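Asker: Let me see the structure of the following:
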Amino acid sequence: MSAPIFSTMGCRLNAYETEAMKELAEQAGLENAVVVNTCAVTAEAVRKARQDIRKLRKAHPEARLIVTGCAAQTEPETFNAMPEVDAVIGNTEKMQGATWQGMAADFIGQTETVQVDDIMSVTETAGHLIDGFGTRSRAYVQVQNGCDHRCTFCIIPYGRGNSRSVPAGVVVDQIKRLVDKGFNEVVLTGVDLTSWGADLPATPKLGDLVMRILKLGPDLPRLRISSIDSIEVDENLMQAIATEPRLMPHLHLSLQHGDDMILKRMKRRHLRDDAIRFAQEARALRPDMTFGADIIAGFPTETEAMFENSLKLVEECDLTWLHVFPYSARPGTPAARMPAVNGAAIKERAARLRAAGERQVQRHLEAQVGRTHDVLMENPHMGRTAQFTEVSFAAPQVEGEIVRAEITGISGTQLTA
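Answerer: Residues are numbered from 1 along each chain as shown. Presented below is the predicted three-dimensional model:
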C-alpha cells in the first residue's frame, strides 16, 4: 500500500492546509488515496478541478479519490456526481483528525460519501501547527480564516465561512517554534487578514499582532504579511511599517478595480482615492515599499473609461506585482446577474493590464541594479529580496540563509547577483 497523493489548487492558504491534511492522513494511517484540495475563486478554477480529477483517476485507477477545498464546500453535489470521485469533504471537515480516521478505517462501509457541513456555523480557526512547507527558508502561519464581507463577485465566504482568528498567543508560540527550527522568514496568511482579531476578546487589530510577534520574537529575522485590504489597515500596522525593519516592505493589496462606480457595484469598502492615499502614506513611511495587487478586468457594466481607471491606478499606486483576473461569473453571486461585458473585451483588457504590470516589473528591476540587497535563499541558485523580487546567483548559496548581495543585472523577470 502507498501513502496518499495530494493535489493542491489555488491560494497559499490551501497549500498550507494541504500540509496539515498530510499530517492528519498520516496519523490516521490512510493509504492508497488521492486527495484533491480545490479552489472556487473563479468558474475556471472549478472547471480545472474537474479536469484534474479526471486525469488523477486515470493515473491512479485503484486509489480512492477524495475531493475537498472551497469548490467542494460550495458545490459538493457537482463533485459527488462525478463517477471518478469516492468522497467529498468540506473545509471544516478536512482539518479534523476524526474525518481522516473514518476515511482510513472503513472508507466505503461506514463513511458518508459527502461530509460537508454548514461552514457559516463554524466559529473557531484552529492554529494548525505546520513546521513550514515549500522551502526550508520560509514558513507560513495561518492566523485567520473566512470573511465577513460579501463582495458581489466573490463565492469565497461560502467556501470559507465567516471570519475567525487564531489567538495571538498561539501564533507567537508557533512562530517561536519555527524560528527554533531555523526558519528565517515567516509569512502570516489568511482569507481576510486585516479582519484578524475582530472576533477575539478586546478586538485587537492586525497591527497589534504584528507588533507582538516582533516584540516577543526578537530572533525572527523577517516577518511578511500576505494579502491585505488597505482600507482596514490600523495605526499599529502603519507604525510597524514605519519603524520595524524586520517587517518586509512588500504588501499585496486587494484592490480589485480603479473605478469608483465599479468598486461600489463590487460592494468594496474603499474608493479609488483611498487606495492611492494608502500607497502614498505607506511609501512615505517606508520608501523601499513595493506593492502587489489583485485587479479584475471586465467586471459587469465596466466601460472602456472605467477600465482605463484601473490601468491608471497601476501607475498612480505604483503597483509592481499584479495578479490580473479576467472576470468570470460565479453562479449564486449578485455580480453574475449584472449585465456582462463581451468576452473578447474582457480578454483584451486583461492582456492590457498584464502588459502594464510587466512594464512596472521592468521599472522595478532596473531600479535595483547596483544596489545591495539581503536575499533569502529559496534554493542554492535563487532567493528573494525583502520586496519579494527573485534574484538568481551563478555561484551556489546555502538554502534558507539570508545572503547580502550586490545586484549586477537583470535576466527576464529576475535580478542577477
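Asker: Pull the number of nearby residues for the nearest residue to residue 230 once chain neighbours are set aside.
Answerer: Leaving aside its sequence neighbours, residue 230 sits nearest to residue 278 (Cβ to Cβ, 6 or more residues apart in numbering; 4.1 Å). Just so you know, the C-beta spots here come from the backbone N, C-alpha and C atoms, and that holds for glycine as well. By the criterion of other Cβ atoms under 10 Å, residue 278 has 21 neighbours.
Asker: the helices in the protein, which residues?
Answerer: With DSSP state H, the ranges of helices along the chain come out as 12-28, 43-59, 70-74, 76-80, 97-105, 156-160, 168-180, 206-216, 235-243, 260-266, 272-285, 304-316, 343-368.
Asker: and the ones you listed, which is most packed in?
Answerer: For those, the largest average neighbour count (mean count of other Cβ atoms under 10 Å) is found in helix 70-74, namely a mean of 28.
Asker: centre of the chain versus it, how much separation?
Answerer: In terms of Cα atoms, centre = their mean, to the nearest Å, the centre of helix 70-74 is set 17 Å apart from its chain centre.
Asker: who does that helix touch, helix- and strand-wise?
Answerer: In terms of contact count using 3 or more Cβ pairs under 8 Å, 6 or more residues apart in numbering; DSSP states H and E, helix 70-74 is assigned the packing partners strand 33-38, helix 43-59, helix 76-80, helix 156-160.
Asker: which outside residues touch that helix?
Answerer: 10, 14, 38-41, 45-46, 49, 78-79, 88-91, 116, 119, 155-156, 158-160, 332 (Cβ atoms under 8 Å, 6 or more residues apart in numbering).
Asker: Mind checking the pLDDT average for that helix?
Answerer: The average pLDDT for helix 70-74 rounds to 88.
Asker: Likewise for stretch 388-397?
Answerer: This predicted structure assigns stretch 388-397 an average pLDDT of 96.
Asker: Same question for it: list its buried residues.
Answerer: The neighbour-count criterion (16 or more other Cβ atoms under 10 Å) identifies 388-393, 397 as the buried residues of stretch 388-397.
Asker: could you redo those as TSV and give each row distance to residue 18?
Answerer: Formatted as TSV, the entries for those read as follows, by distance: Cβ to Cβ, whole Å:
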residue	distance to residue 18
388	22
389	27
390	24
391	28
392	28
393	29
397	28
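Asker: Give me the neighbour count for residue 165.
Answerer: Other residues within reach of residue 165, judged by other Cβ under 10 Å, total 26.
Asker: quick one: it and residue 144 touch, right?
Answerer: Yes: with the criterion set as Cβ atoms under 8 Å, residue 165 and residue 144 qualify as a contacting pair; they are 5.1 Å apart.
Asker: before we move on, back to that, out of the helices and strands packed on helix 70-74, which is closest to residue 236?
Answerer: Proximity of the helices and strands packed on helix 70-74 to residue 236 was assessed by Cβ to Cβ; the nearest stretch is helix 156-160, lying at 25.5 Å.
Asker: How about residue 417: what's its closest non-neighbour residue?
Answerer: Excluding the flanking residues, the one nearest residue 417 by Cβ to Cβ, 6+ apart is residue 405, at 3.8 Å.
Asker: Any idea what the one you found is bridged to?
Answerer: Here residue 405 sits in beta bridges with residue 373, going by DSSP bridges.
Asker: Return the residues in contact with it.
Answerer: Neighbour list for residue 405: 372-373, 375, 391, 393, 417 [criterion: Cβ under 8 Å, 6+ apart].
Asker: so which pair among those residues is furthest apart in space?
Answerer: For these, the maximum inter-member distance is 14.0 Å, found between 372 and 393 (Cβ to Cβ).
Asker: Not counting its own residues, what contacts the helix or strand of the chain with the lowest mean pLDDT?
Answerer: Taking mean pLDDT, DSSP states H and E as the measure, the helix or strand of the chain with the lowest value is strand 114-115, at a mean of 72. The contact list for strand 114-115, computed with Cβ under 8 Å, 6+ apart, reads 76, 80, 87-90, 93, 99.
Asker: Closest one of the residues you listed to residue 32?
Answerer: Closest to residue 32 out of the contacts of strand 114-115 is residue 87 (13.5 Å), distances taken as Cβ to Cβ.
Asker: In this structure the closest one contacts residue 64, no?
Answerer: Yes: distance between residue 87 and residue 64: 7.2 Å, which falls inside the contact criterion (Cβ under 8 Å).
Asker: Give me the more crowded residue out of these two.
Answerer: Each of residue 87 and residue 64 has its neighbours counted (other Cβ under 10 Å); residue 87 has more, 24 against 20.
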